[in-house]
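[1] based on what follows, work out the 3D shape:
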Amino acid sequence: MMKMFKLLKLADAFTLANLTCGFMSILYSFSESFAGAALFLLAAMVFDYLDGFVARKRKEGNIFGKELDSLCDLVSFGVAPAVFGYALGLDSLFAIIVLIAFVCAGALRLCRFNVTKIEGFEGVPITVNALLFPTLYFGSLFFPLPLFVYLLGYITMTFLMVSTLKIKKL
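    Predicted coordinates:
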């Protein structure tokens, strides 16, 4: 057990905070507390940014942290947004297939990122989901959106995450 704690760096605490927010988003989605679920997605994105920032500043980047980050990102930016969509009402057979494809595309996107050495990004980063779906939700409070718009968002992101679109790192 002590060996595990020796692997952990300060940046990994932010990564685990990201995971915690993703898990809380799932719980809030199940409770149909959609504003809370959306806020936890946004918080996960902040912690994801901070883990990378801290790792670079402290020169703590390592393989353990990179793998931990990807596992946590899959929960927070793949599974949690899919559960959010399902809880919102995307529960038809077609919608469930789309949500499964969305989560799988997120996993593939993260795996590709971990094994390729390109400058910038290939495909849209999975983290974008933590901004897109809360934005749609909070926007719908002012301008009601049909569920079809969310479904289009999931379909679009499924393809964009696994695309070969080249995106520069900010």
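[2] can I assume L145 sits in a strand?
    No. L145 is assigned coil when assessed by DSSP: H, G, I helix; E, B strand; the rest coil, not a strand.
[3] contacts for the helix or strand containing L42, please.
    Following DSSP states H and E, one finds L42 within helix 34-57. Under the contact criterion CB atoms under 8 Å, 6 or more residues apart in numbering, helix 34-57 has outside partners 9-12, 14-15, 17-19, 21-22, 24-26, 28-29, 60-61, 65, 69, 72-73, 76-77, 80-81, 84, 87-88, 127, 129-131, 133-134, 137-138. Every residue, glycine included, has its C-beta placed from N, CA and C.
[4] which SSE is immediately downstream of it?
    Taking DSSP H and E, what comes next after helix 34-57 is helix 63-74.
[5] my guess is L145 contacts L136. True?
    Yes. With contact defined as CB atoms under 8 Å, L145 and L136 form a contacting pair (6.4 Å).
[6] higher neighbour count, these two?
    Comparing L145 with L136 by other CB atoms under 10 Å, the one with more neighbours is L136, at 18 against 14.
[7] which SS class is that one?
    L136 ends up helix, using three-state DSSP.
[8] any stretches of this protein with poor pLDDT?
    For the chain, the stretches with pLDDT under 70 are 1-2, 4-6, 170.
[9] and the gap between the residue nearest the centre of it and S31?
    The centre of the chain sits closest to F77, judged by CA atoms, centre = their mean, with a distance of 1.3 Å. Counting by CB to CB, to the nearest Å, the gap from F77 to S31 is 20 Å.
[10] what do you get for D48?
    23 Å.
[11] and those two? which has more neighbours close in?
    D48 (26 against 11).
[12] from L151, how far out is that one?
    For D48, the distance to L151 equals 25 Å [CB to CB].
[13] is it true that the residue nearest to the centre of the chain touches N129?
    Yes. If you go by CB under 8 Å, F77 and N129 touch, sitting 4.7 Å apart.
[14] mutual contacts of the two, please.
    Common neighbours of F77 and N129, using CB under 8 Å, 6+ apart, are L41, G106.
[15] what helix or strand does F102 sit in?
    Taking DSSP H and E as the definition, F102 sits inside helix 93-115.
[16] and that helix, what's buried?
    Residues of helix 93-115 classed as buried: 95, 98-99, 101-103, 105-107, 109-110, 112-113 (neighbour count, 16 or more other CB atoms under 10 Å).
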